[in-house]
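[1] pasting the structure only:
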């Protein structure tokens with residue numbers, strides 16, 4: 001399964017999620033951001049690639065469905081409700097991501 005994690009700038013939340021799951025034996029994982037300043041910007045190719053998309057906030061899902069309506073139409077996009085309050089690989093962030101994602105894997 002191909003899993004995409006999305007936040008705003010792809011520096012802390014989605015990058016942490018990608019790092020946590022990148023060596024998972026059953027999944028391919030990537031991450032991206034919705035902002036123009038994102039380290040890796042969300043694009044149609046990433047959305048098409050993904051079987052499952054996790055976004056950190058409602059606004060990320062809204063941006064994806066507005067900008068990439070055709071590509072995201074049939075996709076399952078799950079909002080994790082994780083605020084932008086953490087640094088990369090923050091222990092609390094790791095715990096929160098794992099707790100909210102595990103049920104889908």
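    Yes, it's here. Since the structure is predicted, the reported quantities are computational estimates derived from the model, not experimental observations.

[2] residues touching the closest residue to residue 11 other than its chain neighbours, list them.
    Sequence neighbours aside, residue 39 is the residue nearest to residue 11 in space, at 5.6 Å (criterion: C-beta to C-beta, 6 or more residues apart in numbering). Using the backbone N, CA and C atoms, a C-beta is placed for each residue, glycine as well. With contacts defined as C-beta atoms under 8 Å, 6 or more residues apart in numbering, residue 39 is in contact with 9, 10, 11, 15, 33.

[3] for residue 102, see how far away the last one is.
    The one in question is residue 33. Counting by C-beta to C-beta, to the nearest Å, the gap from residue 33 to residue 102 is 23 Å.

[4] same check on the first one?
    Distance, residue 9 to residue 102, using C-beta to C-beta: 25 Å.

[5] for the third one, same thing?
    Separation of residue 11 from residue 102 (C-beta to C-beta) stands at 23 Å.

[6] the more surrounded of these two?
    The residue with more neighbours, out of residue 11 and residue 102 and counting by other C-beta atoms under 10 Å, is residue 11; that gives 19 against 8.

[7] closest to residue 27 out of the contacts of residue 39?
    Looking at the contacts of residue 39 and their distance to residue 27, the nearest is residue 15, at 16.3 Å (C-beta to C-beta).

[8] wait, the closest one sits on residue 88?
    Yes. Assessed by C-beta atoms under 8 Å, residue 15 is found in contact with residue 88 at 5.8 Å.

[9] picking that back up, compare the contacts of residue 39 and tell me which has the most neighbours.
    Tallying neighbours with other C-beta under 10 Å puts residue 33 at the head of the contacts of residue 39, with 25 neighbours.
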